[in-house]
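J.: give me the fold of what follows.
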Amino acid sequence: MQHAVGSPLPPPHQPGHGPAASWPSAAQQQGQHHPVPPPPPAHGFTAPPPGPPADSTGHVPLPPGGPVGVPSAPPAAMGPDPQTTTLAVLLIGPAGAGKTSVAKHWAGRRRVPTAHISLDDVREWVRSGFADPQSGWNDHSEAQYRLARRTCGFAARNFLANGISCILDDAVFPDRPVVGLGGWKRHVGPGLLPVVLLPGLEIVLERNAERSGNRRLSDEEVARIHGRMAGWYGSGLPIIDNSQLDVPGTARVLDEVLARAVASPPKW
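T.: Sure thing, here's the model as predicted:
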């Protein structure tokens, strides 16, 4: 049995008595009489509006039944997590941009299986008769490049088909169709996410000076490649200037870029 807030509580039930056997009403305690109407308002004032009914709080009626729970806030919109999403990423940049170092670090710290595929490593599988690009770009070096890119794409598709993400790195030029994005898109698939690493020229020259073997290029060649890579500005692809970033810092920025790219894939 429910009672209105503010009304007196009934006495405890006695054996053999009803719940309100001896409970007098307020009218019985005070005698039977008619309520006296309130006096009229003073001249120049209007009567106040009638108060709320006895069984309400303010002007909002009390809801029947049990207590009403506090409405929970709507869940926040969660963006895609690049750490747990199966991805295919192509890291683009000139020699000395840090592509291979960043790709290895990024692949090694993810929470899902991830492979790193370097086109330069695959090209150097050819031990005898290797067409070194430093000796000049010709039909022989182009054929080996195409073969290496096709091999990388085949490996990436196999990894992705088995739920393993992959990140590839290559010096893709914006103004050369042969060494361009079209081949990568054809061999890996339209879901490939390209990201450009493009630090300043002085940083690229410093990093190139630390290289050895056929990976080290002349300063003139590095400057020429870096200048051509500037063509990626205005292409719509995400570009990371990692001049002031170390490898872990660049990998964190890469995660942020990929989260946006997964939510809104670039058109390329």
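J.: so which residues make contact with stretch 121-140?
T.: Surrounding stretch 121-140, the residues in contact under the criterion Cβ atoms under 8 Å, 6 or more residues apart in numbering are 141, 143-145, 148, 151-152, 214, 217, 221. In this view, the C-beta of every residue, glycine as well, is placed from N, C-alpha and C.
J.: one more pass at 10 Å, please.
T.: 100, 118, 120, 141-145, 147-152, 155, 168-171, 176, 178-179, 213-218, 221 (Cβ atoms under 10 Å, 6 or more residues apart in numbering).
J.: could you tell me the end-to-end distance of it?
T.: 17 Å (Cα to Cα, to the nearest Å).
J.: next one: stretch 187-194
T.: First-to-last distance for stretch 187-194 - Cα to Cα - comes to 14 Å.
J.: state the mean pLDDT of it.
T.: For stretch 187-194, the mean pLDDT works out to 92.
J.: buried residues in it?
T.: 187-188, 192-194 (16 or more other Cβ atoms under 10 Å).
J.: closest to residue 261 among these?
T.: Distance to residue 261 across the buried residues of stretch 187-194 (Cβ to Cβ) is lowest for residue 193, with 4.9 Å.
J.: for the closest residue in space to residue 261 that isn't next to it in sequence, what are its contacts?
T.: In this structure, residue 261 finds its nearest non-sequential neighbour in residue 193, 4.9 Å apart by Cβ to Cβ, 6 or more residues apart in numbering. Neighbouring residues of residue 193 by Cβ under 10 Å, 6+ apart: 82, 87-91, 167, 237-238, 257-258, 261-262, 265-266, 268.
J.: what subset of those is buried?
T.: 82, 87-91, 167, 237-238, 257-258, 261-262.
J.: out of those, which sit inside helices?
T.: Those of the buried ones among the contacts of residue 193 mapping onto helices are 257-258, 261-262, per DSSP state H.
J.: and the furthest pair within those residues?
T.: 257 and 262 (9.8 Å).
J.: in this protein, what residue spans correspond to strands?
T.: For the chain, the strands defined by DSSP state E cover 56-57, 60-61, 88-92, 114-118, 165-170, 193-197, 239-240.
J.: figure out which of those is closest to residue 226.
T.: Per Cβ to Cβ, nearest to residue 226 of the strands of the chain: strand 193-197, 11.4 Å.
J.: pull out the buried positions in stretch 136-146.
T.: Buried, per 16+ other Cβ under 10 Å, within stretch 136-146: 141, 144-145.
J.: of those residues, which belong to helices?
T.: Under the assignment DSSP H, the buried residues of stretch 136-146 contribute 141, 144-145 to helices.
J.: can I get these in a markdown table including pLDDT and distance to residue 244?
T.: Shown next, in a markdown table, are these (pLDDT from 0 to 100; distance: Cβ to Cβ, whole Å):
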| residue | pLDDT | distance to residue 244 |
| --- | --- | --- |
| 141 | 88 | 34 |
| 144 | 93 | 36 |
| 145 | 92 | 32 |
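J.: tell me the one of those residues nearest residue 113?
T.: Ranked by distance to residue 113 (Cβ to Cβ), those are led by residue 145 at 28.0 Å.
J.: show me what contacts the nearest residue to residue 197 once chain neighbours are set aside?
T.: The shortest distance from residue 197 to any non-neighbouring residue, by Cβ to Cβ, 6+ apart, is to residue 93 (3.7 Å). Listed by Cβ under 10 Å, 6+ apart, the contact partners of residue 93 are 99-100, 102, 169-172, 195-199, 204, 225-226, 229, 232, 239-240, 242.
J.: for residue 83, see how far away residue 93 is.
T.: From residue 93 over to residue 83 the distance is 22 Å, taken as Cβ to Cβ, to the nearest Å.
J.: over to residue 166?
T.: Counting by Cβ to Cβ, the gap from residue 166 to residue 83 is 15 Å.
J.: which one's more surrounded, these two?
T.: Using other Cβ atoms under 10 Å as the criterion, residue 166 and residue 83 rank with residue 166 on top: 25 against 16.
J.: low pLDDT regions in the stretch 151-268 of the chain?
T.: 178, 268 (pLDDT under 70).
J.: can you redo the buried residues of stretch 136-146 as JSON lines with distance to residue 127?
T.: Shown next, in JSON lines, are the buried residues of stretch 136-146 (distance: Cβ to Cβ, whole Å):
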{"residue": "141", "distance to residue 127": "16"}
{"residue": "144", "distance to residue 127": "12"}
{"residue": "145", "distance to residue 127": "17"}
